[in-house]
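S.K.: sharing a sequence plus its predicted fold:
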Amino acid sequence: ANGYLPSESLSSLFLGSWLAVQPFATVADSQVPSSGGSAAGISPNEPMTIEQFLQRKISLSFAQEPIERAEALVGEEANEGLQASPDKVAASRLWRFALDGSAFERSGITRNQQLRDFDVRDQSIRKALTEIAKRGNPVTTVQDTRDSQQQLIWVVQNDDQKPGQPMILFTTRTAAKEAGWKLPEEFSDTQEF
């Protein structure tokens, strides 16, 4: 039997054939090995917690980017491997990263401030976020991120676009204090807020 396929279908045919011969192609979903981008120990039927998400390892490097873009790049890398899906459980695994522009403006921090030579290799998301906060802080002499002069911080807040879903928000220590938000351990050794 002969058949005809358009030349554009060759890549799809090749990819489908290649996937079919992979070792995980015929095992149950629970036996599929987790890839580097997925969160180990997370059931595909249970949404991960924000703490589990923040512990995921990422690698990110760039020569120069503004704070706003650096935050977006961490968000993209952090969500890599988490599938968007109409299924509520899968969709709940995509996390939003945002920047509190009004808090930045009130504190005199510009979202276009350049971060240079950023290189985070196989580190947790929370360490990458904290590194952005340290490098973008207006007071460059701060040694301890728990110091009150560490104005640029990140917090976990409820996502106003996805009720019940946490999000990562870059803001200022002053704005967080005014709002009564709990600070991550990186920015507070006491639960002062």
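M.R.: Arrived safely, thanks for sending. Because the structure is predicted, anything quoted here is derived from the model rather than measured.

S.K.: is Arg121 in a helix, a strand, or coil?
M.R.: Under DSSP: H, G, I helix; E, B strand; the rest coil, Arg121 falls in the strand class.

S.K.: just the pLDDT at it, thanks.
M.R.: On pLDDT, Arg121 comes in at 96.

S.K.: who's in contact with the closest residue to it other than its chain neighbours?
M.R.: Nearest residue to Arg121, sequence neighbours excluded (Cβ to Cβ, 6 or more residues apart in numbering): Ser59, at 4.9 Å. C-beta here means a position set from N, CA and C on the backbone, and glycine is covered the same way. Taking Cβ atoms under 8 Å, 6 or more residues apart in numbering as the criterion, Ser59 is in contact with Glu77, Val120, Arg121, Asp122, Gln123.

S.K.: neighbour-wise, which one of these leads?
M.R.: Val120 (21 neighbours; other Cβ atoms under 10 Å).

S.K.: right, and the helix or strand after the helix or strand of the chain with the lowest mean pLDDT?
M.R.: None of the helices or strands of the chain scores lower by mean pLDDT, DSSP states H and E than helix 88-91, at a mean of 50. Next in sequence after helix 88-91, counting helices and strands by DSSP states H and E, comes strand 97-99.

S.K.: ok, and what's touching whichever helix or strand comes after that next one?
M.R.: Sequence-wise, the next helix or strand downstream of strand 97-99 (DSSP H and E) is helix 101-107. Identification of contacts with helix 101-107 by Cβ under 8 Å, 6+ apart yields Thr110, Arg111, Pro138, Gln151, Thr171, Thr172, Thr174, Ala175.

S.K.: Ile67 against Phe170, yeah?
M.R.: Yes. Between Ile67 and Phe170 there is a contact under Cβ atoms under 8 Å: 7.3 Å.

S.K.: I am finished for the moment; much appreciated.
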